[in-house]
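Visitor: With the sequence up front, the predicted model follows.
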Amino acid sequence: MSGHTDPYARTEEATHVTPNTAFDDERKTRVKAQLDKVLDPCSCMSDHPISILDLGLVESIAVDGRDVEVTLLLTSQRCTYFLDINDEVRERVEALDVVDTCEVHQDTSGQIWTNDRMATEERKARRKRFHAQMEAAGVTPYAERSD
Amino acid sequence: MFNNDSANLSEEMLDSGSLVVDSVSHCFNHTPENHKHPHAQVWDDETYELGAKILPDGYVPSKEVFYRDHQPEELARLLFLESQIDYSVYHSLPLDDYFHDGYVSREKGFEFMEQNPERVSMYVDVNPLEDDAGDQIEEFAAKDGVEGIKFYPARYQNGNDLSLQLTEDAVWPLLQRVADSEVDTLAIHKFIPFATAPVRYFKPDDIEDAANSFPDLNFEIIHAGFSFVEETVLAMASHDNVYANLENTACLVNTRPRKFAKALGEMLYWAGPDRIVYAGGATALHPQPPIDGIQNFEMPEDLIEDYDYPEVTQEMKEKILGKNALRLLDKDPEQIKKDIKGDKWDQLRTERQEGNDFPAEPWSTYEAGSALASDD
């Protein structure tokens, strides 16, 4: 079982914005930090709230002068919480002293959100909880049963 | 690469003589006359696009073939002449919030079953919000050939997406009605969100509660492996009465093989090979590519090494492609082989095999002129 860790870990370099993404532009770094404060509404209904940055929803951050554009790839194209996320992102980003306006777009390129977009640490924690749940449920993996 | 490599087979469809059982087929009605709600066109288009994404080249139907009111005769030819499926379970759908006939009508299912009584069983849809839902369950479950009841996890009503998860007050008492009825299985759509319903309705968490409280009922979760894999294997590993139905997911074996390998690997590692069933998803999808894909599937070496997934043996493939479904349906494989030997479809297959034309070319048994000719 030691080898059975996380099959959904990311194996290729992320093309979206992750907690580890480094920007040359200081403003983008500050925007990213603000996005890390915006919690995914659905996760707030679970015991483990997660930010939209950690969840891998932030596709890109663009800065033009004092105007910012944030593009999000939602877990569902018709996420009913988009308006709430949009409002909170704008509020938090526009609170920065280097920003006048912030627009939030939804990525509609056709790519889909998959859980390997989650931040590595979050995925590890999630996998750990999964194993703990299995243990709590008294589950021995079928592959390790001797009978 | 998917065609004609089984031409030398007899009436049993895998080389080993093991039956191929399709755990979901439908006769969809994708005509504008069937639309009841503005989102219905989106359903139609997204269903078409799903096939375009997850079927190999050559197996995506033309729009002329797809956008019609599919008939039982067309479904039968698709399953029994264009694929290796020997036996199928027709699921009617309860989407009469969007489509006049529910999208996949019960009537066509009963017709399909009457035309092919030795090859077809049925799961009948019931809308839990109807006043007589419990009586419907009892009535339909008592009919010959009906082996299960089908639910959906959400319903659009008066401008809202209502949760119809199994744990809702409106739904839970009906589980007892299913348990008291003549059938042993409840199937529920999960994992592929639709329309405007929140994604959380498509998680399998409610299945665990239901499987725990109704240990004599089987819960067949449709589209297992498409998303929420960990939640699914938790439900499967901790409850022997939870089954993974691979409708749509099975297609990923060809078009997203790593995703398929991980989903199957997780299920096999945690829950074993006995409660995973193949489904073709006709008429929305062509059912043959996933059969070929599963037969040819090998678990990637790195996933075996890194995650302890088992090798996928021939025995496991036969279970997934048929034996598990027959056990769930409480059918004796040898009896079914006897019942279908020499029937109309067996004869037509034999003729085609002699002409090296089995399985038939994808969608070739649909007649172009028959589109929309549903009322004759």
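Guide: Perfect, thanks for sending it.
Visitor: ok, the closest residue in space to B:T185 that isn't next to it in sequence - contacts?
Guide: In this structure, B:T185 finds its nearest non-sequential neighbour in B:G148, 3.8 Å apart by Cβ to Cβ, 6 or more residues apart in numbering or on different chains. Just so you know, the C-beta spots here come from the backbone N, C-alpha and C atoms, and that holds for glycine as well. Counting by Cβ atoms under 8 Å, 6 or more residues apart in numbering or on different chains, B:G148 touches B:89, B:121-124, B:183-187, B:220.
Visitor: ok, now with 10 Å
Guide: B:G148 makes contact with B:23, B:89, B:91, B:121-124, B:140-141, B:178, B:183-187, B:217-218, B:220, B:328-329, according to Cβ atoms under 10 Å, 6 or more residues apart in numbering or on different chains.
Visitor: What about these, which are in strands?
Guide: Counting by DSSP state E, the contacts of B:G148 place B:23, B:89, B:91, B:121-124, B:185-187, B:218, B:220 in strands.
Visitor: Could you pull up phi and psi at B:Q295?
Guide: phi -60, psi -40 (degrees, to the nearest 10).
Visitor: I'd say it and B:G322 touch.
Guide: No: the pair B:Q295 / B:G322 is not scored as a contact, 11.6 Å apart, by Cβ atoms under 10 Å.
Visitor: what do those two both touch?
Guide: Counting by Cβ under 10 Å, 6+ apart, the shared contacts of B:Q295 and B:G322 are B:14, B:20, B:84.
Visitor: Need those residues in JSON lines (columns: secondary structure).
Guide: Below are the shared contacts of B:Q295 and B:G322 laid out as JSON lines (DSSP: H, G, I helix; E, B strand; the rest coil):
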{"residue": "B:L14", "secondary structure": "coil"}
{"residue": "B:V20", "secondary structure": "coil"}
{"residue": "B:Q84", "secondary structure": "coil"}
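Visitor: Just send those residues back as a markdown table, with distance to B:W345 too.
Guide: Shown next, in a markdown table, are the shared contacts of B:Q295 and B:G322 (distance: Cβ to Cβ, whole Å):
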| residue | distance to B:W345 |
| --- | --- |
| B:L14 | 16 |
| B:V20 | 13 |
| B:Q84 | 12 |
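Visitor: Skip the chain neighbours and tell me the closest residue to A:R90.
Guide: Using Cβ to Cβ, 6+ apart and skipping the chain neighbours, the partner closest in space to A:R90 is A:C102 (4.8 Å).
Visitor: Alpha carbons of the longest helix belonging to chain A, as CSV, please.
Guide: Longest helix of chain A, by residue count under DSSP state H: helix A:120-136. The C-alpha coordinates for helix A:120-136 follow below in CSV (Å, rounded to 0.1, in the frame of the first residue of the first chain):
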residue,chain,number,x,y,z
THR,A,120,-0.1,19.9,-4.9
GLU,A,121,-0.4,20.4,-1.2
GLU,A,122,-4.2,20.4,-1.4
ARG,A,123,-4.2,17.2,-3.4
LYS,A,124,-1.9,15.5,-1.0
ALA,A,125,-4.1,16.5,1.9
ARG,A,126,-7.2,15.4,0.0
ARG,A,127,-5.6,12.0,-0.7
LYS,A,128,-4.6,11.7,2.9
ARG,A,129,-8.2,12.3,3.9
PHE,A,130,-9.4,9.7,1.4
HIS,A,131,-7.1,7.1,2.9
ALA,A,132,-8.3,8.1,6.4
GLN,A,133,-11.9,7.7,5.3
MET,A,134,-11.1,4.3,3.9
GLU,A,135,-9.5,3.3,7.2
ALA,A,136,-12.4,4.7,9.2
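Visitor: which helices and strands does that helix pack with?
Guide: Packing contacts for helix A:120-136, counted by 3 or more Cβ pairs under 10 Å, 6 or more residues apart in numbering or on different chains; DSSP states H and E, involve helix A:52-55, helix B:229-238, helix B:257-271.
Visitor: at 8 Å what do you get?
Guide: helix A:52-55, helix B:229-238 (3 or more Cβ pairs under 8 Å, 6 or more residues apart in numbering or on different chains; DSSP states H and E).
Visitor: Any buried residues in that helix, and which?
Guide: A:120, A:122-123, A:126-127, A:130, A:134 (16 or more other Cβ atoms under 10 Å in any protein chain shown).
Visitor: So for the shared contacts of B:Q295 and B:G322, which is the shakiest by pLDDT?
Guide: Lowest pLDDT within those is found at B:L14 (81).
Visitor: before we move on, back to that, ok, so of the buried residues of helix A:120-136, who is nearest chain B?
Guide: A:F130 (4.8 Å; Cβ to the nearest Cβ).
Visitor: ok, the residue nearest to that closest one when sequence neighbours are not counted - how many residues close by?
Guide: Of all residues not flanking A:F130 in the chain, B:E230 sits nearest, at 4.8 Å (Cβ to Cβ, 6+ apart). For B:E230, the neighbour count with other Cβ atoms under 10 Å in any protein chain shown is 20.
Visitor: how close does B:E230 get to A:A33?
Guide: According to Cβ to Cβ, to the nearest Å, B:E230 stands 30 Å off from A:A33.
Visitor: Tell me the confidence at the closest residue to B:P128 other than its chain neighbours?
Guide: Once flanking residues are discounted, B:P128 sits nearest to B:V171: 4.7 Å by Cβ to Cβ, 6+ apart. For B:V171, the model assigns a pLDDT of 97.
Visitor: B:V171 reaches B:R155, doesn't it?
Guide: No: B:V171 lies out of contact with B:R155 (Cβ atoms under 8 Å); the separation is 10.4 Å.
Visitor: picking that back up, now do the same contact list for the residue nearest to B:P128.
Guide: Going by Cβ under 8 Å, 6+ apart, B:V171 touches B:128, B:151, B:164-165.
Visitor: with these in mind, which one is nearest to A:I85?
Guide: Proximity of the contacts of B:V171 to A:I85 (Cβ to Cβ) peaks at B:Q165, which lies at 23.9 Å.
Visitor: I'd assumed that closest one was in a strand, is it?
Guide: No: under three-state DSSP, B:Q165 sits outside any strand and is assigned coil.
Visitor: Let me know whether it touches B:D206 as I believe.
Guide: Yes: applying Cβ under 8 Å as the test, B:Q165 and B:D206 come out as touching, 4.1 Å apart.
Visitor: Name the residues contacting each of those two.
Guide: By Cβ under 8 Å, 6+ apart, the residues touching both B:Q165 and B:D206 are B:P153.
Visitor: Skip the chain neighbours and tell me the closest residue to B:S121.
Guide: B:E147 is the one closest to B:S121 (Cβ to Cβ, 6+ apart), at 4.4 Å.
Visitor: do B:P32 as well
Guide: B:Q41 (7.6 Å).
Visitor: Next, the buried residues of the one helix or strand the one you found maps to.
Guide: Using DSSP states H and E, B:Q41 sits in helix B:40-54. Burial within helix B:40-54, assessed by neighbour count using 16+ other Cβ under 10 Å, is assigned to B:40, B:43-44, B:47-48, B:50-51, B:54.
Visitor: what's near enough to touch the most centrally placed residue in chain B?
Guide: In chain B, the C-alpha nearest the mean C-alpha coordinate belongs to B:V24, at 2.2 Å (Cα atoms, centre = their mean). Shown in contact with B:V24 (Cβ under 8 Å, 6+ apart): B:89, B:91, B:222, B:245, B:247, B:279-281.
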